[in-house]
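Q: Pasting the sequence and the predicted model now:
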Amino acid sequence: MSNSVQNESNWKAKLQAPVKDLRPKTEDVTATKGNEFEDYYLKRELLMGIYEMGYEHPSPIQEESIPIALTGRDILARAKNGTGKTAAFIIPVLEKVNVSKNEIQALLLVPTRELALQTAQVCKQLGKHMNVQVMVSTGGTNLKEDILRLNNTVHICVATPGRILDLAQKNVADFTKCNVVVMDEADKLLSPEFQPIVEQLINFLPKSRQILLYSATFPVTVKQFKEKYLVKPYEINLMEELTLKGITQYYAFVEERQKVHCLNTLFSKLAINQSIIFCNSANRVELLAKKITELGYSCFYIHSRMPQAERNRVFHDFRSGHCRNLVCTDLFTRGIDIQSVNVVINFDFPKNSETYLHRIGRSGRFGHLGLAVNLITFDDRFNLYKIEQELGTEIMPIPSVIDKMLYAA
């Protein structure tokens, strides 16, 4: 066998793949058609990035999405949180980028700064052998730095809508050669707060652009947007049931003044790897974080009223495992992917099923097991029933002992 042929078959063996994750997974990510990433005829450099990220086989949303996106067709995709949506759009985007051209070729829109940073990181990791230039642009950062960055080569721009529209209107960001726009967490991006900005942005792109929409929930606004902007979109719906199979959901019926005591009991009884605890306001987040620290547990907090630099630091440190518990508002429900979170606690119960779905989806990432515990007051009881009905799920009374096999495997 000649050296070149041998190298051809050996390239995979030389990759620095991470240690295999042997935790059990649910069929949310294992019920595949049996495709391999190599079946999609992707560039060798991209395949190297995919395998070095530890991805072994495409998940169901990746199987449905990647080959269609590669054909250039518009896509409207619904898939559960934590089932591989991000790679489902980043892989075809990277495949289509021509790094020899100094132009923005893809725009990835997301609703929050944290999600922008995380998405850009995945882009860089998957494209690390490709010399692809990725830029993050979000509000709350120095505009001058964005302008300077755009003087250099940028192939993929990951952004929140407001800042990037500003740069497009100033003729600093040139989207005339940008043929793909992805909207992740599309339901949020098409809420009244963002939709007018998103629509203005689309006018800066070529008429022949490809639009890819991904979300776990699709309200009416998405339908209107689809009819106006998408051309014969390929629709993917992997949400016959809404909640993740691996997440066990419980409620504890408590009075408001007993909540902290109840939380203390949960901390002492549960095998928490990392937990995210949700409150319904920034004030309550800070008060609860103070209480948890006083009880002697390690705790960070994050909400949208904090300075940007502090939010970045907290997000980074929690992600790196420097702290076990994070108290936050719904700022943190969108797409935030921290594999080691196995417990979500709704200290304050959410008002609607959409928020509930996004919150509990922070645990049980990529088919792993997780636990959601809801502290329910007398006033929450109708909401609990309504959310169970709307999601077609069962939230059970909390038992005195919770089997660790349900969430700590």
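A: Here it is on my side, so go on.

Q: The stretch 51-200 of the chain: strands as residue ranges?
A: Secondary structure of the stretch 51-200 of the chain by DSSP state E, counting those that start in this stretch: the strands cover 75-78, 106-109, 134-137, 156-159, 180-184.

Q: Figure out how far stretch 343-361 is from the centre of its chain.
A: Offset of stretch 343-361 from its chain centre (Cα atoms, centre = their mean, to the nearest Å): 15 Å.

Q: So which bits of that stretch are buried?
A: Buried residues in stretch 343-361, counting neighbours by 16 or more other Cβ atoms under 10 Å, are found at 343-350, 353-361. Any C-beta I mention is one placed from the backbone N, CA and C, and that applies to glycine too.

Q: Low-confidence stretches in the chain?
A: 1-9, 18-33, 80-82, 219-221, 239-245, 332-337, 364-368, 408-409 (pLDDT under 70).

Q: What residues are bridge-paired with the nearest residue to residue 407 once chain neighbours are set aside?
A: Distances taken as Cβ to Cβ, 6 or more residues apart in numbering place residue 371 nearest to residue 407, at 3.8 Å, with adjacent residues excluded. Beta-bridge partners recorded for residue 371 (DSSP bridges): residue 248, residue 343.

Q: picking that back up, and residue 224, which of the strands of the stretch 51-200 of the chain is closest to it?
A: strand 75-78 (12.5 Å; Cβ to Cβ).

Q: residues in contact with the closest residue to residue 147 other than its chain neighbours?
A: Among residues not flanking residue 147 along the chain, residue 172 sits closest, at 5.3 Å (Cβ to Cβ, 6+ apart). Residues in contact with residue 172 (Cβ atoms under 8 Å, 6 or more residues apart in numbering) are 146-147, 150.

Q: Could you do residue 74 as well?
A: Residue 74 neighbours (Cβ under 8 Å, 6+ apart): 210-212, 230-234.

Q: Now the phi/psi pair for it, please.
A: phi -70, psi 150 (degrees, to the nearest 10).

Q: just to revisit the earlier point, contacts only, for the residue nearest to residue 407.
A: 247-248, 250, 270, 342-344, 363, 402, 406-407.

Q: Narrow those residues to just the buried residues.
A: Counted by 16+ other Cβ under 10 Å, the contacts of residue 371 give 247-248, 250, 270, 342-344, 363, 402, 407 as buried.

Q: got those residues as CSV, with distance to residue 308 columns?
A: CSV is the format used below for the buried ones among the contacts of residue 371 (distance: Cβ to Cβ, whole Å):
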residue, distance to residue 308
247, 31
248, 36
250, 35
270, 32
342, 29
343, 28
344, 25
363, 26
402, 38
407, 33
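
Q: would you list the contacts of residue 172 in TSV and tack on neighbour count and distance to residue 131?
A: Converted to TSV, the contacts of residue 172 look like this (neighbours: other Cβ atoms under 10 Å; distance: Cβ to Cβ, whole Å):
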residue	neighbour count	distance to residue 131
146	21	22
147	13	23
150	18	18
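
Q: Any idea how many residues pack against residue 273?
A: Number of residues near residue 273 (other Cβ atoms under 10 Å) recorded here: 17.

Q: hmm, back to that, which of the contacts of residue 74 count as buried?
A: 210-212, 230, 233-234.

Q: Now, the residues you listed that are in strands?
A: Applying DSSP state E to the buried ones among the contacts of residue 74, the entries found in strands are 210-212, 234.

Q: So what pairs up with the nearest residue to residue 93 once chain neighbours are set aside in the strands?
A: With sequence-adjacent residues excluded and distances taken as Cβ to Cβ, 6+ apart, residue 93 is closest to residue 106, at 4.7 Å. For residue 106, the beta-bridge partners are residue 156, residue 180 (DSSP bridges).

Q: residues of stretch 386-406 that come out buried?
A: 387-388, 391, 393, 395, 398, 402.

Q: nope, stretch 222-241 is what I meant
A: 222, 225-226, 229-230, 233-234, 236, 238-239.

Q: Export those to TSV and append columns for distance to residue 383.
A: Shown next, in TSV, are the buried residues of stretch 222-241 (distance: Cβ to Cβ, whole Å):
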residue	distance to residue 383
222	24
225	29
226	30
229	34
230	34
233	34
234	36
236	30
238	27
239	22
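
Q: what's the closest of those residues to residue 177?
A: Distances from residue 177 to those, taken by Cβ to Cβ, are shortest for residue 229, at 19.0 Å.

Q: which residues does the closest one contact?
A: Neighbour list for residue 229: 199, 202, 211 [criterion: Cβ under 8 Å, 6+ apart].

Q: which stretches of the stretch 201-350 of the chain form helices?
A: Under the criterion DSSP state H, counting those that start in this stretch, helices of the stretch 201-350 of the chain are mapped to 220-229, 259-269, 282-294, 308-319.

Q: Now find how far off-centre the last one is within its chain.
A: To tie it back to what came earlier, the one meant is helix 308-319. For helix 308-319 - counting by Cα atoms, centre = their mean - the centre lies 16 Å from the chain centre.

Q: helices and strands around that helix, which ones?
A: helix 113-126, strand 299-302 (3 or more Cβ pairs under 8 Å, 6 or more residues apart in numbering; DSSP states H and E).

Q: Lovely, talk soon.
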